[in-house]
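> No letters, just coordinates:
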């Protein structure tokens, strides 16, 4: 069975909220990879990171679509439908992103 995303119309062109995981930068924590919310532009860390801020952002806001953002990878994921999605574009980075792990 092929899984399809039902949230493609929610994808927006966004401005990243930070040059790294916004929440990790605030608390001085490292991250592994970055994820960009394609609804509002929140930059969070992946589920392999200690705090899983991208997933936490989804659970707090319900924003379903993220983009792999470290470096710009261009793939998309829908948390709700649990499937990869084709994004209409790739979000440019705001400059060099510090590496922590």
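That came in fine, so what should we check first? Predicted model only: the values in this text are computed from it and were never measured.
> for the strand ranked longest in the chain, packing partners?
As far as residue count goes, and with DSSP state E defining each element, the longest strand of the chain is strand 72-78. Identification of packing neighbours for strand 72-78 by 3 or more Cβ pairs under 8 Å, 6 or more residues apart in numbering; DSSP states H and E yields strand 65-69, strand 83-85. All C-beta atoms are positioned from the backbone trio N, CA, C, and that covers glycine.
> partners of the first one, with directions?
Note on strand 65-69: by DSSP bridges, its sheet partners are strand 34-37 (antiparallel), strand 72-78 (antiparallel).
> So which bits of that strand are buried?
By neighbour count, and taking 16 or more other Cβ atoms under 10 Å as the criterion, the buried residues in strand 65-69 are 65, 66, 67, 68, 69.
> is the first one in a bridge, and if so with what?
For residue 65, the residues forming beta bridges with it (DSSP bridges) are residue 78.
> Of all the residues in the lengthiest helix in the chain, which ones are buried?
In the chain, with assignment by DSSP state H, the single longest helix is helix 53-61. For helix 53-61, the buried set under the neighbour-count rule, 16+ other Cβ under 10 Å, comprises 53, 54, 55, 57, 58.
> separation between residue 74 and residue 9?
Between residue 74 and residue 9 the distance, using Cβ to Cβ, to the nearest Å, works out to 19 Å.
> These two - which one has more neighbours?
When residue 74 and residue 9 are compared for neighbours, residue 74 comes out ahead with 13 against 7, by other Cβ atoms under 10 Å.
> Next, the buried residues of stretch 79-92.
Along stretch 79-92, these residues count as buried under the neighbour rule (16+ other Cβ under 10 Å): 79, 81, 85, 87, 91.
> er, stretch 8-21 I mean
8, 11, 14, 16, 17, 18, 20, 21.
> Identify the farthest-apart pair in those residues.
Set against one another by Cβ to Cβ, these have their most distant pair in 8 and 20, with a gap of 27.5 Å.
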